[in-house]
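Student: need a structure here:
(one chain, ligands or ions: 2)
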Amino acid sequence: MFRDENIRDYNPVSTSSHYSPNQEAPPNAESIAVFKDVEKEYVIDKYKFKALKGASCKIPKGEMTFLFGPSGSGKTTFLNLLGLLDQPTAGEIYLMGEKVSDFNDNRAADFRSKNIGFIFQSFNLISVLSVLENVEFPLLHDNINRSERRERAEHYLEAVGLGELINRNIGEISGGQRQRVAIARALVTNPALVIADEPTANLDIRTSQEIVDLMTDMKSKFKTSFVICTHDETLINEGSRLIHIVDGLLQDTGGLK
Ligand SMILES: Nc1ncnc2c1ncn2[C@@H]1O[C@H](COP(=O)(O)OP(=O)(O)OP(=O)(O)O)[C@@H](O)[C@H]1O
Ligand SMILES: [Mg+2]
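Tutor: Ligands and ions are numbered 1, 2, ... in the order given. Next up is the predicted model:
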């Protein structure tokens, strides 16, 4: 049977119902994503480079999972596969029980827009649009009328504490506030899974911690599963799940932090 060998509960002094490191997941633990022997090989000219070398893990549903590792270790590669932005060269990926690793581009795009929200390091906000319009943007493809779009965007902007700033332009708010806009935009479609690639890389320590706390709140409120990659171990909250990646290999983490 497929074993949960690479993903650990990050809670060294756990008294909660989380299972502790080096134990197998309880049989009833639900996974939002499952990787089975996943490899990703990039080809540059004639040279091949394996950025992911047989990754197997289960990512739990409704939890924060951190992907932690040094620069170049394969974090973005892993997230691109998880977010159906790229295809593996070997192995299988399941999302919400569906085998997504062999989806064609159209099916992948459809699945992505229905189920996955993204928060990028550079925020990827549209500078000519207001805060509110940026958050409404992912809803434009759906059959949602203007007033409902507005209501939903306002709801998520309130939730991230930006209710007062909805009519500002993106250029008129701070980096931490932009990151909150990016979080509201990722959540506005109500995705089952939110993927964040270095979401706090441009922020100071205090704002970074606030952003992670905000995502933790969102997880509790909306039951969203988060997968967040970071270099920064200070962000990893007690009770979070942790996948440690080094040189394209998923590793055990021990008592980090
Ligand atoms: N499109 C690509 N073509 C070729 N090699 C790539 C490509 N993307 C990434 N790589 C290589 O794969 C390895 C993993 O890259 P990846 O971007 O996944 O690392 P990372 O852990 O996200 O690093 P960082 O923390 O710096 O963002 C690196 O050695 C990188 O040079
Ligand atoms: Mg990266």
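
Student: contact residues of the protein facing ligand 2?
Tutor: Counting by Cβ under 5 Å from the ion, the positions of the chain adjacent to ligand 2 are 75-76. Where C-beta positions appear, they are placed from N, C-alpha and C, glycine not excepted.

Student: can you count the residues close to Lys40?
Tutor: As a burial measure, Lys40 scores 22 neighbours (other Cβ atoms under 10 Å).

Student: ditto for Ser31
Tutor: Neighbours of Ser31 under the rule other Cβ under 10 Å: 20.

Student: what's the helix or strand containing Ser208 packed up against?
Tutor: Per DSSP states H and E, Ser208 falls inside helix 205-222. Secondary-structure packing of helix 205-222 (3 or more Cβ pairs under 8 Å, 6 or more residues apart in numbering; DSSP states H and E): strand 64-68, helix 175-187, strand 225-230.

Student: in the second one, what's buried?
Tutor: Taking 16 or more other Cβ atoms under 10 Å as the neighbour-count basis, helix 175-187 is seen to contain the buried residues 176-187.

Student: sorry, back to before: adding mean pLDDT and distance to Thr207, write the helices and strands packed on helix 205-222 out as CSV.
Tutor: Output for the helices and strands packed on helix 205-222, formatted as CSV (pLDDT from 0 to 100; distance: least, Cβ to Cβ, whole Å):
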stretch, mean pLDDT, distance to Thr207
strand 64-68, 91, 18
helix 175-187, 91, 4
strand 225-230, 92, 14
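
Student: so which of the ones you listed gets nearest Leu84?
Tutor: With Cβ to Cβ, the closest approach to Leu84 among those belongs to strand 225-230: 12.9 Å.

Student: and ligand 1, is the closest one touching that?
Tutor: No: Strand 225-230 stays clear of ligand 1 (Cβ under 6 Å from any ligand atom), getting no nearer than 6.7 Å.

Student: please save the CA atoms from the next helix or strand after that strand in PDB.
Tutor: Following strand 225-230 in sequence order, the next helix or strand is strand 241-246 (DSSP H and E). Only the C-alpha atoms of strand 241-246 are listed here, as PDB (Å, rounded to 0.1, in the frame of the first residue of the first chain):
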ATOM      1  CA  ARG A 241       2.300  19.800   8.500                       C
ATOM      2  CA  LEU A 242       5.800  19.900   6.900                       C
ATOM      3  CA  ILE A 243       7.400  18.400   3.800                       C
ATOM      4  CA  HIS A 244      11.100  19.000   3.700                       C
ATOM      5  CA  ILE A 245      12.700  18.900   0.200                       C
ATOM      6  CA  VAL A 246      16.400  18.800  -0.600                       C
END
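
Student: quick one: mean pLDDT for strand 241-246?
Tutor: The average pLDDT within strand 241-246 is 90.

Student: elements contacting that strand?
Tutor: In terms of contacts (3+ Cβ pairs under 8 Å, 6+ apart), strand 241-246 is packed against strand 8-9, strand 47-60, strand 64-68, strand 249-251.

Student: anything in that strand near ligand 1?
Tutor: No: judged by Cβ under 6 Å from any ligand atom, strand 241-246 and ligand 1 are separated, with a smallest distance of 6.9 Å.

Student: quick one: strands adjacent to that strand?
Tutor: Paired with strand 241-246 in the same sheet, following DSSP bridges, are strand 8-9 (antiparallel), strand 64-68 (parallel), strand 249-251 (antiparallel).

Student: now do that strand: distance to the chain's middle.
Tutor: Between the centre of strand 241-246 and the centre of its chain there are 13 Å (Cα atoms, centre = their mean, to the nearest Å).

Student: taking strand 47-60 as reference, get the angle to it.
Tutor: 170 degrees (axes from the mean of the first three to the mean of the last three Cα atoms, to 10 degrees).

Student: would you mind listing what in the stretch 1-150 of the chain touches ligand 1?
Tutor: Close to ligand 1, as judged by Cβ under 6 Å from any ligand atom, the stretch 1-150 of the chain has residues 42, 44, 49, 51, 69, 71-77.

Student: hmm, try it at 8 Å
Tutor: Taking Cβ under 8 Å from any ligand atom, the part of the stretch 1-150 of the chain that reaches ligand 1 is made up of 40, 42-44, 49, 51-52, 69-80, 121.
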